[in-house]
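**Student:** here's a sequence, model it:
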Amino acid sequence: MLTLCLLPTSCGFGKPGIFTGVVDPTGHELRGLVHQQTFCRELHPPGETRGQRYHRTDRESETWLTAVTAVGRMPNDAGWVHVGDRAADFFGLMATTRATNSHVLIRLVQDRVASSPPDSQGEATGDADRLRLMAETRRVSVTTTQAVAIASRGRRPGRVATLSLGSVRLTIRPPQNEPRWRTSRPRRCCRIATGTSGDGRR
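**Tutor:** This next block holds a predicted model:
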């Protein structure tokens, strides 16, 4: 399974673009460019409401959906893993990757409604089992640890930190306040919680 990294680039004056590169998960090398698009980040129009912003066709989040759709399905029963940072944490990306039979690895920022455990089809188990994603993450037990060497950066010296890792399987429900995605099927996910000790960070 190859990893598709949706990485920010620059299109002048610090304005971003996005490209989709294929990374070898064993050697961590960029093997090729599958898709590329550039865009210039524009300020919101003065007085724009949240509803008006949601229905704009030039929203920055649309670049993620365009990239996933353009890449499409991986042939020969293989699969893509789309990797993104906090900007990729929106349900539309989860639904779009599902439609292309691919996976997504994102950094959590939204506290979503979830259900646990899912049934065999990944559907929610019922309204009585409504959970909050952030709260469930904080309850994740550590299952493994590993010492990781962190290189020096600038004036910050190198150090060795202990990485703690745990996970929980949940089903994320579609947001009911987003008309475009509210009728989508719930998305089964594995929430991975990480933390480090020895440097005061998480």
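
**Student:** only C-alpha atoms from now on, for both contacts and neighbour counts.
**Tutor:** Will do.

**Student:** quick one, helices of this protein?
**Tutor:** Assigned by DSSP state H, the helices in the chain fall at 50-54, 62-71, 91-99, 133-138.

**Student:** single out the most deeply packed of these.
**Tutor:** Of the helices of the chain, the one with the most neighbours on average (mean count of other Cα atoms under 10 Å) is helix 91-99, at a mean of 20.

**Student:** got a list of contacts for it?
**Tutor:** Residues outside helix 91-99 that contact it (Cα atoms under 8 Å, 6 or more residues apart in numbering): 64-65, 68-69, 82, 103-104, 174-175, 181, 184-185, 187.

**Student:** residue closest to the middle of the chain?
**Tutor:** A centroid search over the chain (Cα atoms, centre = their mean) returns I106, at 2.0 Å, as the residue closest to the centre.

**Student:** how near is the closest residue to it other than its chain neighbours to L65?
**Tutor:** In space, and not counting its chain neighbours, I106 is closest to G84: 4.9 Å by Cα to Cα, 6 or more residues apart in numbering. Look at G84 and L65: by Cα to Cα, to the nearest Å, they are 12 Å apart.

**Student:** again, but for V83
**Tutor:** Here V83 is placed at a distance of 13 Å from L65 (Cα to Cα).

**Student:** what's across from V160 in the sheet?
**Tutor:** Residues in a beta bridge with V160, per DSSP bridges, are A149.

**Student:** start and end of stretch 45-55, how far apart?
**Tutor:** Start to finish, the residues bounding stretch 45-55 are 13 Å apart (Cα to Cα).

**Student:** I meant stretch 144-159, not that one.
**Tutor:** Start-to-end span of stretch 144-159 (Cα to Cα) is 20 Å.

**Student:** distance check, the closest residue to T145 other than its chain neighbours against D85.
**Tutor:** Nearest non-adjacent residue to T145, counting by Cα to Cα, 6+ apart: S164, 4.5 Å away. S164 sits 20 Å away from D85, going by Cα to Cα.

**Student:** compare these two and say which is more crowded by neighbours.
**Tutor:** More crowded of S164 and D85, by other Cα atoms under 10 Å: S164, with 18 against 15.

**Student:** test my guess that the more buried one contacts T144.
**Tutor:** Yes - using Cα atoms under 8 Å, S164 is in contact with T144, at 6.0 Å.

**Student:** okay, and the helix or strand of the chain with the least pLDDT?
**Tutor:** Scoring the helices and strands of the chain by mean pLDDT, DSSP states H and E places strand 2-10 at the bottom, with a mean of 46.
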